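Visitor: generate coordinates for the sequence data below:
(one chain, ligands or ions: 2)
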Amino acid sequence: MSTERGCGEPIRDALRPPQDSLTGEVKDKARALGAHLVGIAPIERMDGAPPDLHPRRLLPEAKSLVSMAYRINRGVQQLHLRGVSPMPFSRFAGLEPKARLDDMALDLANYLEDLGYISLPVPANQYYYQEKGVGEISHRHVAMASGLGRLGRGGFLVTPEYGGAVQLITVVTAAPLEPDPMLDEDPCAGCPRPCVSICPVQAIPPDRDRVMTMAGKEYRYGWLSYARCQWACGGMVMDDHCYGLSDVPMPAFDEEDDAEWVREEFLLASEKRFPWDRAYRAAFTYNACSKCYVVCHPERLKRKVGVETQPG
Ligand code: SF4
Ligand code: SF4
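Guide: Ligands and ions are numbered 1, 2, ... in the order given. Sure thing, here's the model as predicted:
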């Protein structure tokens, strides 16, 4: 599993045993392509996934999953939390890292194919099924299976190096790569949960969990209201620096797991928005809340695992 802090200092390589040469070459290639973190899971670690999200559905020959993370720039994070401007965050925390991850995954998959193993890059989460709120696979679950971090209270991946401020991608491959160990430590233990308190639409309940089994072990992590989150990220909220161009009252989301019902509510809400707003938003699509994973500070997490923090 990978291993670089923001300053490039390794913190975990020394702890893991040497890996076989193919695995080492693939990880070196991923880092050379620009990945800040890289880890590997055997495909079987995803066997608890729903069938329509299992990576084997996309590549039946798959033996391994390569998870890569691209960190979000700290200056951009801080600007976003201060609410000064949405532009750098939209470009450099979302669009650009995901575009780079797409390129990295395609290059890494082709590299593996040149070595003789059919491989599939799965695009970063630019594209997903709106009605379900999921993509082709769950990159964050693959990242957890690959040892990059653990799913936390906010439902996103929390890494020791960068907290929640990472974007993720996956390469599914027939290559028999050596897996990384999963992280044991609960990243949320003792944390005052700023991810819960910062959410402008109360999409992260403090005490509602999802439960999953991975590699034979049960894990709990936070349940997220996709409907509420989409209300803020989808441009229906102007307050709290959400940068929406309308402020549409949120309905009582007491049927939040009913995808059809939620979709109807969104259609009704969009009818309430002014026509100029719709035209305007077609040109400017920068609104995205994202505050929960940006406020998940890597500095605090580093203190918890006993690593000296960097100033600033
Ligand atoms: S902010 Fe704290 S509680 Fe929330 S996901 Fe990060 S570590 Fe967990
Ligand atoms: S992205 Fe924003 S609205 Fe969505 S859960 Fe996080 S803080 Fe809440």
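Visitor: following the helix-or-strand element of the chain with minimal mean pLDDT, which helix or strand shows up next?
Guide: Every helix and strand of the chain was ranked by mean pLDDT, DSSP states H and E. The lowest is helix 275-283, at a mean of 50. Downstream of helix 275-283, the first helix or strand assigned by DSSP states H and E is helix 291-294.
Visitor: close to ligand 2: what parts of the stretch 101-250 of the chain are there?
Guide: Within the stretch 101-250 of the chain, the positions adjacent to ligand 2 are 198-201, 203-204, 224, 229, 232-233 by CB under 6 Å from any ligand atom. (Glycine included, C-beta is placed from N, CA and C.)
Visitor: can you rerun that using 8 Å?
Guide: 154-155, 195, 198-204, 224-225, 228-233, 237, 242 (CB under 8 Å from any ligand atom).
Visitor: tell me the spacing between residue 91 and ligand 2.
Guide: 17 Å (CB to the nearest ligand atom, to the nearest Å).
Visitor: no wait, residue 148
Guide: Applying CB to the nearest ligand atom to residue 148 and ligand 2 gives a distance of 20 Å.
Visitor: any chance you could map the helices in the stretch 51-200 of the chain?
Guide: Taking DSSP state H, counting those that start in this stretch as the test, the helices found in the stretch 51-200 of the chain are 74-82, 87-89, 96-114, 139-145, 194-198.
Visitor: can you list the neighbours in contact with the fourth one?
Guide: Think helix 139-145. Contacts to helix 139-145, defined as CB atoms under 8 Å, 6 or more residues apart in numbering, come from residues 39, 41, 45-46, 49, 53, 55, 65, 67, 69, 122, 124-125, 149-151, 156-157, 168-170, 182-183, 212, 214-215, 219.
Visitor: got the CA positions of it in CSV?
Guide: What follows is helix 139-145, C-alpha atoms only, in CSV (Å, rounded to 0.1, in the frame of the first residue of the first chain):
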residue,chain,number,x,y,z
HIS,A,139,-14.3,3.3,-5.6
ARG,A,140,-14.3,4.0,-1.9
HIS,A,141,-15.1,0.4,-1.0
VAL,A,142,-12.4,-0.8,-3.3
ALA,A,143,-10.0,1.7,-1.7
MET,A,144,-10.8,0.4,1.7
ALA,A,145,-10.3,-3.2,0.5
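Visitor: quick check: closest non-adjacent residue to residue 137.
Guide: Leaving aside its sequence neighbours, residue 137 sits nearest to residue 55 (CB to CB, 6 or more residues apart in numbering; 5.0 Å).
Visitor: what's the neighbour count on the one you found?
Guide: The number of residues packed near residue 55 is 25, by other CB atoms under 10 Å.
Visitor: give me whichever of the helices of the stretch 51-200 of the chain is most buried.
Guide: Scoring these by mean neighbour count under mean count of other CB atoms under 10 Å gives helix 139-145 as the most buried, with a mean of 26.
Visitor: any residues of the stretch 151-300 of the chain in contact with ligand 1? List them.
Guide: Counting by CB under 8 Å from any ligand atom, the stretch 151-300 of the chain sits next to ligand 1 at 152-154, 156, 158, 163-164, 187-188, 191-196, 204, 222, 292-293, 295-297, 300.
Visitor: can we see that at 5 Å?
Guide: For the stretch 151-300 of the chain, the contact set with ligand 1 under CB under 5 Å from any ligand atom comprises 152-154, 158, 187-188, 191, 193, 195, 296.
Visitor: would you map the strands across the stretch 151-300 of the chain?
Guide: For the stretch 151-300 of the chain, the strands defined by DSSP state E, counting those that start in this stretch occupy 157-158, 166-173, 209-214, 217-222.
Visitor: contact partners of the last one?
Guide: Which is strand 217-222. Taking CB under 8 Å, 6+ apart as the rule, strand 217-222 contacts 144, 150-155, 188, 195, 204-205, 208-213.
Visitor: residue 154 touches residue 197, doesn't it?
Guide: No: assessed by CB atoms under 8 Å, residue 154 is found out of contact with residue 197, at 11.0 Å.
Visitor: quick revisit: put the buried members of the contacts of strand 217-222 into a PyMOL selection.
Guide: The PyMOL command for the buried members of these (criterion: 16 or more other CB atoms under 10 Å) is given here:
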select buried, resi 144+150+151+152+153+154+155+188+195+204
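Visitor: okay, now residue 184: neighbour count?
Guide: Residue 184 has 7 nearby residues by other CB under 10 Å.
Visitor: quick one: it from ligand 2, how far?
Guide: For residue 184, the distance to ligand 2 - CB to the nearest ligand atom - is 26 Å.
Visitor: what's the answer for residue 73, then?
Guide: Counting by CB to the nearest ligand atom, the gap from residue 73 to ligand 2 is 18 Å.
Visitor: ok, that residue - contacts?
Guide: So residue 73 contacts 92-93 (CB under 8 Å, 6+ apart).
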